[in-house]
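>>> sequence and predicted structure below; questions after.
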There are 2 protein chains.
Amino acid sequence: MKLLEQRILQEGQVRPGNVLKVDCFLNHQLDVELLDQIGVEFHRIFKDDGINKILTIEASGIAIACMTARHFNVPVVFAKKAKSKNIDGDVYTSKVHSYTYGRDYDITLAKKFLTPSDKVLILDDFLANGKAMKGLLDICKQSGCTVGGIGICIEKGFQPGGDELRAAGYKLASLAIVSEMSDTGLTFREQED
Amino acid sequence: MKLLEQRILQEGQVRPGNVLKVDCFLNHQLDVELLDQIGVEFHRIFKDDGINKILTIEASGIAIACMTARHFNVPVVFAKKAKSKNIDGDVYTSKVHSYTYGRDYDITLAKKFLTPSDKVLILDDFLANGKAMKGLLDICKQSGCTVGGIGICIEKGFQPGGDELRAAGYKLASLAIVSEMSDTGLTFREQED
């Protein structure tokens, strides 16, 4: 998606540890107009896949999921990173390692919101090693739902998560795939529109 | 907002400890069509207040903020509940006590996203004791920005947060104010539309 690649080139900042900061528009401050265009693009790609629910994980994924769900007219459900009193005991859980936060954490999702009759589109802002995505896929497997597709805004193509998911046969669409990144700049993997 | 009150009566569940579960549509599974109507209502109430940015706090607030920001054509910025490597050191911080999570936590917001030239609408899903809101207002004070208004989906009117904010002179709009709640049901404070 050229619009997203342009924003990354204009405003993204490379930090030590393979961190790509896009907090100006994607995961701290949110450019809602850009998110709407991202939603239009995910709908174009997945509109014929029978999606009846969008699954994501807090926090940044919620913005992308909501702005995409509008175009599908389906609900969003998001996995939580901390167990709160507001979640009943009857939840799916999976353990995730976060490189960003430097720790393991459990993600939880109330069982009533994901069932074998659901066909979900999983959305998130970043895909690198794919640890969070594996947690979401584990929850999908526990629920018996069908994964109709996976949509990612920015994939770090030099880390294994994306290609592992493709090899596993998932319909994965990453709107921008960073193939190389350094203090001097970054390049994107060529993709067909 | 009658539409929201009706959904709370239909699907809300009262739990011990003054917990009102609305996870079917507001803060775990998200009814994006309802959120859009909530956004329309917040825009109706605050459209003449010179809002140039919407401020909220992860996680549930992000959905409400994004679906509202569309109608204002302004960006969203959300305070984070955990400090990640992706946030630079130059942040506003404030300490918040969460009754839901049963602990204190710091909220952080990158300084570059809130300045004295901003006039913000603060949005969140719930207002009860107002601890999270006080944290957001503290961050606004640190930044020197102007608080143009506060929009809440569900206020627990039997807890002091909302009336304290009104007494302090803030333009606070709560779309549903629960005046009483028990296992046998709940009632709403009458409001003019």
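Sure, I can see it.

>>> please make it C-alpha for all contacts and neighbour counts, starting now.
OK.

>>> now the helices for chain A?
Secondary structure of chain A (DSSP state H): helices at A:2-11, A:32-46, A:60-72, A:131-143, A:161-167.

>>> buried deepest among the ones you listed, which one?
helix A:60-72 (a mean of 26; mean count of other CA atoms under 10 Å in any protein chain shown).

>>> Throw the helices of chain A into CSV and include distance to B:Asp125 and mean pLDDT, thanks.
Below are the helices of chain A laid out as CSV (distance: least, CA to CA, whole Å; pLDDT from 0 to 100):
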stretch, distance to B:Asp125, mean pLDDT
helix A:2-11, 30, 96
helix A:32-46, 19, 98
helix A:60-72, 14, 97
helix A:131-143, 25, 97
helix A:161-167, 34, 98
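
>>> want to throw those helices into a markdown table with distance to chain B?
A markdown table is the format used below for the helices of chain A (distance: least, CA to the nearest CA, whole Å):
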| stretch | distance to chain B |
| --- | --- |
| helix A:2-11 | 13 |
| helix A:32-46 | 6 |
| helix A:60-72 | 6 |
| helix A:131-143 | 15 |
| helix A:161-167 | 20 |
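
>>> got the ones you listed as a markdown table, with distance to B:Ile51 columns?
Output for the helices of chain A, formatted as a markdown table (distance: least, CA to CA, whole Å):
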| stretch | distance to B:Ile51 |
| --- | --- |
| helix A:2-11 | 24 |
| helix A:32-46 | 15 |
| helix A:60-72 | 20 |
| helix A:131-143 | 35 |
| helix A:161-167 | 39 |
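
>>> and of these, who's closest to B:Phe126?
helix A:60-72 (17.2 Å; CA to CA).

>>> so which residues make contact with that closest one?
Applying CA atoms under 8 Å, 6 or more residues apart in numbering or on different chains, the contact partners of helix A:60-72 are A:26-28, A:30, A:32, A:35-36, A:38-40, A:42-43, A:47, A:51-52, A:54-56, A:75-76, A:78, A:123-125, B:30, B:32-33, B:59, B:62-63, B:66-67.

>>> next, the angle from that helix to helix B:32-46.
Angle, helix A:60-72 to helix B:32-46, by axes from the mean of the first three to the mean of the last three CA atoms, to 10 degrees: 100 degrees.

>>> what pLDDT does the most centrally placed residue in chain A get?
Nearest residue to the geometric centre of chain A (CA atoms, centre = their mean): A:Asp124, 1.3 Å. pLDDT, the model's per-residue confidence, is 98 for A:Asp124.

>>> what's the spacing between it and A:Leu35?
To A:Leu35, A:Asp124 is 12 Å away according to CA to CA, to the nearest Å.

>>> circling back: pull the contacting residues for the residue nearest to the centre of chain A.
Neighbours of A:Asp124 in contact, by CA under 8 Å, 6+ apart: A:Thr56, A:Ile57, A:Ser60, A:Gly61, A:Ile64, A:Ala65, A:Gly151, A:Ile152, A:Cys153.

>>> swap in A:Lys47?
So A:Lys47 contacts A:Phe72 (CA under 8 Å, 6+ apart).

>>> any idea how far it lies from chain B?
17 Å (CA to the nearest CA, to the nearest Å).

>>> what does the pLDDT read for that residue?
98.
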